[in-house]
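J.: structure, please.
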Amino acid sequence: MDANDALARLFEVSDEIRAAVVFERGEPIASTLPDDEAASIAQIADAMLAYATTLRKQVAVTQLRAVTPDGDVYVLRRGEQGVVAVAVSESLAGLVQHDLRTVLASLPRARRKAVATA
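T.: Here you go, the predicted structure:
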């Protein structure tokens, strides 16, 4: 399943998610938002996970949740791929995280960038 199909399926099963971006290495690969917003959000989500990992020396952080009065933000990563979603306020964290893990699991593995050798 490609990333656009995964997002379409996400919105079929989740009443709590309002927007989502699938990203790879900080670049959006599918989104329910305009391209410029998706690019900004993907970069921020990737940076949030990277920063959180610096705070946890023994493990890589693979998920975050931010709670605000206007809604909840979830970021999950599997390898170099991730998904960030905005959900309704007081969303059911376990259910939303499960739905986002399902999105990541349905994606083909990230493509490695070719490295030139001299």
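J.: and for Val59, the neighbour number?
T.: Look at Val59: counted by other Cβ atoms under 10 Å, it has 7 neighbours. In this view, the C-beta of every residue, glycine as well, is placed from N, C-alpha and C.
J.: in which helix or strand would I find it?
T.: Assigned by DSSP states H and E, Val59 falls within no helix or strand.
J.: spatially nearest residue to it (excluding sequence neighbours)?
T.: Spatially, and ignoring its direct neighbours in sequence, Val59 is nearest to Thr53 (7.8 Å; Cβ to Cβ, 6 or more residues apart in numbering).
J.: just give me the neighbour total for the one you found.
T.: Counted by other Cβ under 10 Å, the residues lying close to Thr53 total 14.
J.: show me the contacts for it.
T.: Val59, Ala60, Val61 (Cβ atoms under 8 Å, 6 or more residues apart in numbering).
J.: just the pLDDT for the first one.
T.: Val59 is assigned a predicted lDDT (pLDDT) of 87.
J.: I'd like the next helix or strand past the top helix by length along the chain.
T.: Taking residue count as the measure and DSSP state H as the definition, the longest helix of the chain comes out as helix 35-55. Beyond helix 35-55 on the C-terminal side, the first helix or strand identified by DSSP H and E is strand 63-68.
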